[in-house]
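Chemist: structural data only, the sequence is not supplied:
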(Lines give C-alpha, C1' and ligand atoms only; values in the text may rest on other atoms or scores of the structure.)
Protein backbone atom coordinates (compact mmCIF):
# COMPACT_ATOMS: atom_id res chain seq x y z
CA UNK A 1 0.00 0.00 0.00
CA UNK A 2 1.22 3.49 -0.74
CA UNK A 3 1.25 6.24 1.84
CA UNK A 4 -1.15 9.15 1.31
CA UNK A 5 0.56 12.38 0.35
CA UNK A 6 0.87 14.82 3.27
CA UNK A 7 -0.88 17.39 1.07
CA UNK A 8 -3.89 15.16 0.36
CA UNK A 9 -6.94 15.75 2.57
CA UNK A 10 -7.41 12.63 4.64
CA UNK A 11 -10.35 10.75 6.04
CA UNK A 12 -9.74 8.64 9.13
CA UNK A 13 -12.02 5.66 9.69
CA UNK A 14 -11.97 2.46 11.72
CA UNK A 15 -12.99 -1.14 11.21
CA UNK A 16 -12.45 -4.47 12.90
CA UNK A 17 -9.75 -6.62 11.36
CA UNK A 18 -10.49 -9.91 9.62
CA UNK A 19 -8.25 -12.90 9.05
CA UNK A 20 -7.23 -11.61 5.60
CA UNK A 21 -5.60 -8.61 7.33
CA UNK A 22 -3.30 -10.75 9.50
CA UNK A 23 -0.18 -10.69 7.33
CA UNK A 24 -0.39 -6.92 6.80
CA UNK A 25 -0.99 -6.31 10.53
CA UNK A 26 2.04 -8.41 11.50
CA UNK A 27 4.28 -6.57 9.03
CA UNK A 28 3.01 -3.17 10.19
CA UNK A 29 3.47 -3.99 13.90
CA UNK A 30 6.98 -5.30 13.32
CA UNK A 31 7.95 -2.26 11.23
CA UNK A 32 6.64 0.08 13.96
CA UNK A 33 8.44 -1.59 16.87
CA UNK A 34 11.53 -3.42 15.64
CA UNK A 35 14.40 -2.85 13.24
CA UNK A 36 15.57 0.22 11.39
CA UNK A 37 12.15 0.94 9.84
CA UNK A 38 10.80 1.60 13.34
CA UNK A 39 13.29 4.41 13.91
CA UNK A 40 11.20 6.68 11.64
CA UNK A 41 8.69 6.95 14.49
CA UNK A 42 9.11 7.51 18.19
CA UNK A 43 7.54 4.22 19.39
CA UNK A 44 10.53 2.10 18.37
CA UNK A 45 11.85 -0.69 20.57
CA UNK A 46 14.86 -1.18 18.26
CA UNK A 47 17.35 -0.15 20.96
CA UNK A 48 15.80 -2.60 23.43
CA UNK A 49 14.81 -5.70 21.45
CA UNK A 50 15.49 -7.53 18.19
CA UNK A 51 13.47 -10.10 16.27
CA UNK A 52 9.83 -10.03 15.35
CA UNK A 53 7.16 -8.73 17.70
CA UNK A 54 4.34 -10.82 16.18
CA UNK A 55 3.69 -13.03 13.16
CA UNK A 56 0.57 -13.53 11.03
CA UNK A 57 -0.35 -16.77 12.82
CA UNK A 58 -0.30 -15.01 16.20
CA UNK A 59 -2.48 -12.24 14.75
CA UNK A 60 -4.95 -14.87 13.52
CA UNK A 61 -5.00 -16.40 17.01
CA UNK A 62 -5.92 -13.01 18.48
CA UNK A 63 -8.66 -12.56 15.87
CA UNK A 64 -10.12 -16.01 16.59
CA UNK A 65 -10.02 -15.73 20.39
CA UNK A 66 -13.18 -15.06 22.39
CA UNK A 67 -13.64 -11.47 23.60
CA UNK A 68 -10.76 -10.29 21.42
CA UNK A 69 -10.73 -7.87 18.48
CA UNK A 70 -8.17 -5.95 16.51
CA UNK A 71 -9.35 -2.50 15.54
CA UNK A 72 -7.79 -1.00 12.43
CA UNK A 73 -7.24 2.69 11.74
CA UNK A 74 -7.56 3.64 8.09
CA UNK A 75 -6.54 6.79 6.30
CA UNK A 76 -8.27 7.16 2.94
CA UNK A 77 -9.14 3.43 3.15
CA UNK A 78 -5.48 2.41 3.72
CA UNK A 79 -4.57 0.63 6.96
CA UNK A 80 -2.24 2.87 8.97
CA UNK A 81 -2.71 1.52 12.49
CA UNK A 82 -4.00 -1.27 14.68
CA UNK A 83 -4.77 -2.04 18.29
CA UNK A 84 -5.59 -5.34 19.97
CA UNK A 85 -8.43 -5.18 22.50
CA UNK A 86 -9.38 -8.03 24.82
CA UNK A 87 -12.05 -8.24 27.51
CA UNK A 88 -10.56 -9.23 30.88
CA UNK A 89 -13.02 -9.56 33.76
CA UNK A 90 -14.54 -6.07 34.14
CA UNK A 91 -11.95 -4.28 32.00
CA UNK A 92 -10.36 -4.37 28.56
CA UNK A 93 -6.68 -4.88 27.75
CA UNK A 94 -5.09 -2.65 25.11
CA UNK A 95 -2.05 -4.01 23.26
CA UNK A 96 -0.23 -3.85 19.92
CA UNK A 97 -1.13 -0.18 19.62
CA UNK A 98 0.48 1.01 16.38
CA UNK A 99 0.35 3.96 14.05
CA UNK A 100 2.73 3.67 11.10
CA UNK A 101 6.04 5.31 12.08
CA UNK A 102 6.01 7.99 9.36
CA UNK A 103 2.55 9.15 10.47
CA UNK A 104 3.25 9.36 14.22
CA UNK A 105 3.13 12.68 16.00
CA UNK A 106 0.21 14.14 14.06
CA UNK A 107 -2.67 13.34 16.40
CA UNK A 108 -3.85 10.13 14.72
CA UNK A 109 -2.90 8.02 17.76
CA UNK A 110 -4.94 10.19 20.12
CA UNK A 111 -8.06 9.86 17.93
CA UNK A 112 -7.42 6.16 17.43
CA UNK A 113 -7.11 5.52 21.17
CA UNK A 114 -10.41 7.34 21.79
CA UNK A 115 -12.07 5.13 19.15
CA UNK A 116 -10.65 2.01 20.85
CA UNK A 117 -11.91 3.16 24.26
CA UNK A 118 -15.37 3.78 22.83
CA UNK A 119 -15.42 0.39 21.11
CA UNK A 120 -14.69 -1.58 24.30
CA UNK A 121 -17.42 0.32 26.11
CA UNK A 122 -19.90 -0.39 23.30
CA UNK A 123 -18.87 -4.06 22.82
CA UNK A 124 -18.38 -5.19 26.40
CA UNK A 125 -19.74 -2.43 28.64
CA UNK A 126 -16.41 -2.13 30.45
CA UNK A 127 -15.47 0.96 32.42
CA UNK A 128 -11.70 0.47 32.56
CA UNK A 129 -8.89 -0.04 30.04
CA UNK A 130 -5.44 -1.32 31.01
CA UNK A 131 -2.13 -2.01 29.33
CA UNK A 132 1.48 -2.86 30.03
CA UNK A 133 4.42 -0.71 28.91
CA UNK A 134 8.15 -1.44 29.07
CA UNK A 135 9.29 0.42 32.19
CA UNK A 136 12.25 2.17 30.51
CA UNK A 137 9.97 3.66 27.82
CA UNK A 138 9.48 6.93 29.72
CA UNK A 139 8.31 8.88 26.65
CA UNK A 140 5.67 6.24 25.91
CA UNK A 141 4.50 6.17 29.53
CA UNK A 142 4.22 9.98 29.39
CA UNK A 143 2.19 9.73 26.15
CA UNK A 144 -0.32 7.40 27.81
CA UNK A 145 -0.42 9.60 30.93
CA UNK A 146 -1.41 12.54 28.70
CA UNK A 147 -4.29 10.35 27.51
CA UNK A 148 -5.52 9.78 31.09
CA UNK A 149 -3.78 6.49 31.90
CA UNK A 150 -2.07 6.11 35.27
CA UNK A 151 0.47 3.64 36.58
CA UNK A 152 -1.30 1.44 39.11
CA UNK A 153 1.84 0.28 40.92
CA UNK A 154 1.89 -3.22 39.40
CA UNK A 155 5.20 -4.29 37.88
CA UNK A 156 5.33 -7.45 35.78
CA UNK A 157 8.30 -9.41 34.48
CA UNK A 158 9.06 -9.03 30.79
CA UNK A 159 7.33 -11.80 28.79
CA UNK A 160 9.35 -15.01 29.05
CA UNK A 161 8.62 -15.95 25.43
CA UNK A 162 10.99 -13.14 24.39
CA UNK A 163 14.28 -14.90 25.03
CA UNK A 164 17.48 -13.27 26.25
CA UNK A 165 18.94 -13.56 22.76
CA UNK A 166 16.42 -10.92 21.60
CA UNK A 167 17.00 -8.53 24.49
CA UNK A 168 19.52 -5.77 23.89
CA UNK A 169 18.77 -4.47 27.39
CA UNK A 170 18.63 -6.98 30.21
CA UNK A 171 16.23 -6.97 33.15
CA UNK A 172 13.34 -5.30 31.30
CA UNK A 173 10.08 -5.02 33.22
CA UNK A 174 6.53 -4.04 32.36
CA UNK A 175 4.55 -1.41 34.23
CA UNK A 176 0.79 -1.70 34.26
CA UNK A 177 -1.27 1.37 33.44
CA UNK A 178 -5.03 1.85 33.58
CA UNK A 179 -7.72 4.38 32.83
CA UNK A 180 -11.28 4.66 34.05
CA UNK A 181 -13.41 5.21 30.94
CA UNK A 182 -16.08 7.90 30.86
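Modeler: In hand now; what should we look at? Computed from a predicted model, the values in this text were never measured in an experiment.

Chemist: tell me which stretches of this structure form helices.
Modeler: Under the criterion DSSP state H, the chain contains helices at 22-33, 56-64, 108-124, 138-146.

Chemist: need these in CSV with mean pLDDT, can you?
Modeler: Shown next, in CSV, are the helices of the chain (pLDDT from 0 to 100):
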stretch, mean pLDDT
helix 22-33, 93
helix 56-64, 97
helix 108-124, 96
helix 138-146, 94
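
Chemist: closest one to residue 76 among those?
Modeler: Residue 76 sits nearest to helix 108-124 of all the helices of the chain, at 12.3 Å, using Cβ to Cβ. Where you see a C-beta, it was placed from the backbone N, CA and C, and this is true even at glycine.

Chemist: and residue 42, which of the helices of the chain is closest to it?
Modeler: Of all these, helix 138-146 sits nearest to residue 42, with 6.6 Å by Cβ to Cβ.

Chemist: quick one, strands of the protein?
Modeler: For the chain, the strands defined by DSSP state E occupy 12-16, 68-75, 78-88, 91-99, 128-134, 150-157, 173-180.

Chemist: quick one: strands adjacent to the longest one?
Modeler: This means strand 78-88. If you go by DSSP bridges, strand 78-88 pairs up with strand 68-75 (antiparallel), strand 91-99 (antiparallel).

Chemist: now this structure, which segments are flagged as low pLDDT?
Modeler: The model of the chain has pLDDT under 70 over residues 1-10, 46.
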